[in-house]
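[1] This is a predicted model, with the sequence first.
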Amino acid sequence: MKVLVIGGGGREHALVWALRKSAQVTEILCAPGNGGIAQLARCLPIDTGNLHEMVNLVAIEQPGLTVVGPELPLSVGLVDELTKRGFRVFGPTQAAARLETSKAFAKEFMQRHDIPTAAHAVCTTLDEVHEELRRFTVPVVVKADGLAAGKGVVICETHLQAEQAAAQMFNGDLLGTRETELVLEEFLTGEELSFFALCDGTHAIEIASAQDHKRIGEGDTGPNTGGMGAYSTDGLVTPAMQQWLLRNVAQKTVDGMRSEGDPFKGILFCGIMMTPGGPMVLEFNTRFGDPETEAILLRLETDILELFDASIDGTANRLTIKMRPGASVCVIAASSGYPGKYSSGKPIDGLPHADQSEGQNEDVVIFHSGTAIKDGQLVTAGGRVLAISAVAPDLRTALDMAYAELAKVSFEGMQFRRDIAYRALRQEQVTER
């Protein structure tokens, strides 16, 4: 089978890598791909925000399956258009993807279906913001309604700061585009958790849980990023908590979307805050996360094509997803200046040139997040450049393997966090005592 993967980051590299292991896959295309993905798949230049270009590409290439990686193609209705034309495609429809593409829709949906989440208010004017803020203690969270590439959430220490953040969202100063709607939200504290479920419109089944590191600096300091690393372990959540999250969050979401006439198929990424009062949903993503995917897929033992088929065909309840025991990690190597302004085109040294899926150690894999090939040289082409991932029987070993591989790699201005999974390691030390 020919498979097309839409996207060009570390998540898509991991998806391509996993698809290469399927005996049913004969050819993989990736659009637009990147310098690392080009070693595993035929890459095709495309604008992932241009619906016509993407549909035209599928019509020309006629893949047996299209897998949508990032949120932007979902938001413009790629799944709808391909399904309408009779193509098999993995991912939610434009309407179902509103769980991610509209924070206001997601919050109101959770309220309608009794899914645990923080108190909130949806506002369309500054006057409404001023009025609604009286209900919130500080800190208070201000969220842009639409997709904002990780920049649409502002934690405010005062009501004045919240009004200023709202004003910048409404007038376009903060995100570059004017928001017409935003969400005020109660500030929650606790450990964050990424819970992934495979959905087929009727059923939700658990894939795995992970925890990522959003802040640029060690000890979770500095501005938020798209993610500087992640880890996934057997003991991240208890089996009882996994079942609770599956029943009270993922399955309720699938049931609610079906009852409202927009069945949800694809990956439901539940961003959870484990508060002292119990789990609360911070947000939904309607696709694989990044960098969590680069860690999770190293542990996936089930053929990933079986996941895609079960979701499309409505048979997820018949599928048993098998994960490798132990732990997996991902450490991001980023460009200097990220998450602010950064330069691209820096030569990358120390990477293996051979195809990593052919006879090499698959316990350590370097996924490319933002790379390109220029004059025969692999160079940086993004804020997040590489995702060094490893899997092992335990967390400490996986981390040691990843950092040892990272030590071989270099490019001008490379920055990375040296404390990925530090909370989990600290908890292990306490337990051992």
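    Sure thing, it's come through.

[2] Now the element after the helix or strand hosting Gln161, going C-ward?
    Using DSSP states H and E, Gln161 sits within helix 159-171. Going down the chain from helix 159-171, the next helix or strand is strand 182-186, by DSSP H and E.

[3] So which bits of the helix holding Gln161 are buried?
    By 16 or more other Cβ atoms under 10 Å, the buried positions in helix 159-171 come out as His159, Gln161, Ala162, Glu163, Gln164, Ala165, Ala166, Gln168, Met169, Phe170. Placement of C-beta: from N, CA and C, glycine included.

[4] And stretch 173-192, by the same measure?
    The neighbour-count check on stretch 173-192 (16+ other Cβ under 10 Å) flags Leu174, Leu175, Glu179, Glu181, Leu182, Val183, Leu184, Glu185, Glu186, Leu188 as buried.

[5] if I read this right, the second one contacts Gly152, doesn't it?
    Yes. With contacts counted by Cβ atoms under 8 Å, Leu175 reaches Gly152, the gap being 6.2 Å.

[6] and for those two, which residues touch both?
    Common neighbours of Leu175 and Gly152, using Cβ atoms under 8 Å, 6 or more residues apart in numbering, are Ala144, Met169.

[7] ok, of the buried residues of helix 159-171, which one's closest to Ala404?
    Taking Cβ to Cβ as the measure, Ala404 lies nearest Ala165 of these, at 41.7 Å.

[8] mind checking how far the closest one is from Arg215?
    From Ala165 over to Arg215 the distance is 18 Å, taken as Cβ to Cβ, to the nearest Å.

[9] so where's the stretch 151-300 of the chain uncertain?
    Residue ranges of the stretch 151-300 of the chain with pLDDT under 70: 151.

[10] Give me the neighbour count for Val138.
    As a burial measure, Val138 scores 14 neighbours (other Cβ atoms under 10 Å).

[11] Next one: it from Ile216, what distance?
    Going from Val138 to Ile216 by Cβ to Cβ gives 24 Å.

[12] Return the residues in contact with the residue lying closest to Ala424 once chain neighbours are set aside.
    Nearest residue to Ala424 in three dimensions, chain neighbours excluded: Leu395, at 6.0 Å (Cβ to Cβ, 6 or more residues apart in numbering). By Cβ under 8 Å, 6+ apart, the contact set of Leu395 is Tyr231, Thr233, Ala327, Val329, Ala421, Ala424, Leu425, Glu428.

[13] Same question for Ser232.
    Applying Cβ under 8 Å, 6+ apart, we find Ser232 in contact with Ala208, Ser209, Ala210, Gln211, Glu292, Ala295, Ile296, Arg299, Ala327, Ser328, Val329.

[14] Over to Lys2?
    Thr26, Glu27, Ile28, Leu29, Glu61, Gln62, Pro63, Gly64, Leu65.

[15] Out of those residues, which two are the most distant from each other?
    Across the contacts of Lys2, the longest distance by Cβ to Cβ is 14.2 Å; it joins Ile28 and Gln62.

[16] The two: which is more packed in?
    Between Ile28 and Gln62, Ile28 has the larger neighbour count (other Cβ under 10 Å), namely 24 against 9.

[17] what's the spacing between that one and Ala41?
    4 Å.

[18] now Val365
    Distance check for Val365 against Ala41: by Cβ to Cβ, it reads 15 Å.

[19] Look at the most centrally placed residue in the chain and give its secondary structure.
    The chain has Gly289 as the residue nearest its centroid, 1.5 Å off, counting by Cα atoms, centre = their mean. When classified by DSSP: H, G, I helix; E, B strand; the rest coil, Gly289 comes out as coil.

[20] got the end-to-end distance for stretch 116-123?
    By Cα to Cα, to the nearest Å, the extent of stretch 116-123 from end to end equals 21 Å.

[21] Can you give me the buried ones in it?
    Buried residues in stretch 116-123, counting neighbours by 16+ other Cβ under 10 Å, are found at Pro116, Thr117, Ala118, His120, Ala121, Val122, Cys123.

[22] out of everything not next to it in sequence, what's closest to the third one?
    Excluding its sequence neighbours, the residue lying closest to Ala118 (Cβ to Cβ, 6+ apart) is Glu186, at 4.0 Å.

[23] what is the one you found paired to in the beta sheet?
    Note on Glu186: beta-bridge partners by DSSP bridges are Val140.

[24] How about the contacts made by the residue lying closest to Leu51 once chain neighbours are set aside?
    Leaving aside its sequence neighbours, Leu51 sits nearest to Val76 (Cβ to Cβ, 6+ apart; 4.8 Å). Counting by Cβ under 8 Å, 6+ apart, Val76 touches Gly49, Leu51, Gln94.

[25] For Ile321, give me its contacts.
    By Cβ under 8 Å, 6+ apart, the residues touching Ile321 are Leu198, Ile205, Glu206, Ile207, Leu300, Thr302, Leu307.
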